[in-house]
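**Q** this one's structure only:
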């Protein structure tokens, strides 16, 4: 009985979230049938309730008594690493809900099921972060993927959204099959499913069995390929631009932030701990993926004229830089990865806050901007917003002395120390090339003239607050970078110990 209570205590936040989802589902179904209290009022009310639920969940995680153990028969793990990343995920989730709740009203996304799916996705994130077994990992990743397929096609009246959901589903099913096949190969060869047992089994292993080594190699390639697909890393990125463009902007925002944070943490736990003795095998896969992602992201963004496709290729390039940090195989690489992730997420928050503020007014209708040329003469219409976007773009390009520059430095310098000279030089050259498409947007804002239509700005208080905070973070880099680096170091240290 004591063990069951301790096991239940370690997932008390997830248990609270699941219970809240059940209550919200009943609440939404009952009120949506009422003409006075139902649609669309129930949608906005559900968003407020979701924010409250996530706030209580954050309190449950943040103020919980720390237990360093592996509950539920070693299927899950609770350590400082997973605890800190869970806190970070919940903070960003609350910020995302705070930012998107009013925007969904403008875009007429009033279904209460939207917010329930978001909560279910966050539950999947929390379980993925605690996974310590191949079974729990696969089930949690598939749970997340199924929710993403629905969210991508949530705008049922849009053929672009339906197409995005269908493409995501077909290619996602293929990547899930690769993940399951890779995990199955490892189980067949070792009879092990626990990550801790994998680490103990392979530590200092010496054998002349080529069949065994070949099988492990194939299994790791399949698992790494599935993870790279989830991250939209090249050459497994083909779904990303189409899904980003077809999905509602709020969902594109969601896809840009949370899957990358969660999957990178899982990759670090799987490859840096369980299969660290096969570093000489899986590092080649990540070298190829990092170089391909930076190349495809840098040159692919040059040819784009739509916002979402541009941001998709930009994220592919950033994923390439994050993959470089995994090549180090040391704690300094994990510190660089977490620092880059936090800075990238905050920059993405600023970018989408500004993007969701743009609306094209063609009287009497208004609609969300889609093209990059809609930035023309933004500096004359709203100088403060154009200045904020300029800082964000410069940070994404890695121009000093903004925080994005130091994020890339923390990734590239350890790569040089570990003698990956070609990767480091290539990433620097590609970073210089990527400056062109960021500077092109700044040219549109300051040196171009608008068309006949009028750009309006529906900047809510939440968006204005987010833009102010993110640009301040990007600009005042010395204090911010110190805080982020200390957090990343402490989290990484607890992970390796």
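**A** Happy to help now that I have it. Predicted model only: the values in this text are computed from it and were never measured. Residues are numbered from 1 along each chain as shown.
**Q** all contacts plus neighbour counts: C-alpha atoms, from now on.
**A** Will do.
**Q** let's verify residue 400: helix, strand, or coil?
**A** Three-state call for residue 400 (DSSP: H, G, I helix; E, B strand; the rest coil): coil.
**Q** skipping adjacent residues, who's closest to it in space?
**A** Excluding the flanking residues, the one nearest residue 400 by CA to CA, 6 or more residues apart in numbering is residue 406, at 7.6 Å.
**Q** give the burial count for the nearest residue to residue 68 once chain neighbours are set aside, as a bare number.
**A** Excluding the flanking residues, the one nearest residue 68 by CA to CA, 6+ apart is residue 79, at 5.0 Å. By the criterion of other CA atoms under 10 Å, residue 79 has 17 neighbours.
**Q** and the helix or strand hosting residue 316, what other elements does it pack with?
**A** Following DSSP states H and E, one finds residue 316 within helix 307-326. Here helix 307-326 touches helix 240-246, helix 249-269, helix 279-302, helix 331-355, helix 403-417, going by 3 or more CA pairs under 8 Å, 6 or more residues apart in numbering; DSSP states H and E.
**Q** quick one: that helix to helix 331-355, angle?
**A** Using axes from the mean of the first three to the mean of the last three CA atoms, to 10 degrees, the direction of helix 307-326 lies 170 degrees away from that of helix 331-355.
**Q** hmm, back to that, how near is the residue nearest to residue 400 to residue 412?
**A** Per CA to CA, to the nearest Å, residue 406 is found 10 Å from residue 412.
**Q** which residues touch residue 243?
**A** Contacts for residue 243 (CA atoms under 8 Å, 6 or more residues apart in numbering) come out as 152, 161, 164-165, 167-168, 252.
**Q** er, residue 239 I mean
**A** 167-168, 171, 232.
**Q** quick one: which of these is most hemmed in?
**A** Going by other CA under 10 Å, residue 232 tops the contacts of residue 239 with 26 neighbours.
**Q** in a strand, that's where that residue is, yeah?
**A** No. Counting by three-state DSSP, residue 232 is not part of a strand but coil.
**Q** doesn't residue 316 make contact with it?
**A** Yes. Here residue 232 reaches residue 316: they are 6.3 Å apart, a contact under CA atoms under 8 Å.
**Q** now do the helix holding residue 316: distance to the chain's middle.
**A** Chain-centre distance of helix 307-326: 11 Å, with CA atoms, centre = their mean, to the nearest Å.
**Q** swap in stretch 276-285?
**A** Centroid separation for stretch 276-285 versus its chain: 24 Å, with CA atoms, centre = their mean.
**Q** residues contacting that stretch, please?
**A** Outside stretch 276-285, the residues within contact range by CA under 8 Å, 6+ apart are 199, 202-204, 217, 220-221, 224, 271, 327, 329.
**Q** roughly how far apart are the residue nearest to residue 400 and residue 399?
**A** 9 Å.
**Q** which of the two has more neighbours?
**A** Neighbours per residue (other CA under 10 Å) separate residue 406 from residue 399, with residue 406 holding more: 22 against 18.
**Q** if I look at the more buried one, how far off is residue 349?
**A** Relative to residue 349, residue 406 is positioned 19 Å away (CA to CA).
**Q** now do the helices in the stretch 51-200 of the chain.
**A** 71-74, 80-106, 113-130, 134-152, 159-190, 195-202 (DSSP state H, counting those that start in this stretch).
**Q** would you single out the least confident of the ones you listed?
**A** Among the helices of the stretch 51-200 of the chain, helix 71-74 carries the lowest mean pLDDT, at a mean of 82.
**Q** so residue 328 touches residue 415, yeah?
**A** Yes. Checked against CA under 8 Å, the pair residue 328 and residue 415 is within contact range at 6.2 Å.
**Q** low-scoring stretches of the chain, by residue?
**A** For the chain, the stretches flagged by pLDDT under 70 are 1-2, 33-41, 204-209, 360-367, 449-497.
**Q** if we go to 50?
**A** The chain contains residues with pLDDT under 50 at 452.
**Q** for burial, what's the neighbour tally of residue 418?
**A** By other CA under 10 Å, 12 other residues sit near residue 418.
**Q** before we move on, what SS does the closest residue to it other than its chain neighbours have?
**A** Counting by CA to CA, 6+ apart, residue 418 lies nearest to residue 328, which is 6.4 Å off, once chain neighbours are set aside. Classification of residue 328 using three-state DSSP returns coil.
**Q** quick one: contacts for residue 328?
**A** Residue 328 makes contact with 414-415, 418, according to CA under 8 Å, 6+ apart.
**Q** of those residues, which is the nearest to residue 372?
**A** Using CA to CA, residue 415 is the member of the contacts of residue 328 that sits closest to residue 372, with 34.4 Å.
**Q** that closest one contacts residue 327, doesn't it?
**A** Yes. In terms of CA under 8 Å, residue 415 counts as a neighbour of residue 327; the distance is 7.3 Å.
**Q** show me the contacts for the nearest residue to residue 322 once chain neighbours are set aside.
**A** Nearest residue to residue 322, sequence neighbours excluded (CA to CA, 6+ apart): residue 337, at 5.7 Å. Each residue near residue 337 by CA under 8 Å, 6+ apart is listed here: 322, 325-326, 411.
**Q** now residue 337: how far from residue 378?
**A** 34 Å.
**Q** going along the chain, name the helices of the stretch 351-497 of the chain.
**A** With DSSP H, counting those that start in this stretch as the criterion, the stretch 351-497 of the chain has helices spanning 378-381, 383-397, 403-417, 421-447, 461-475, 477-496.
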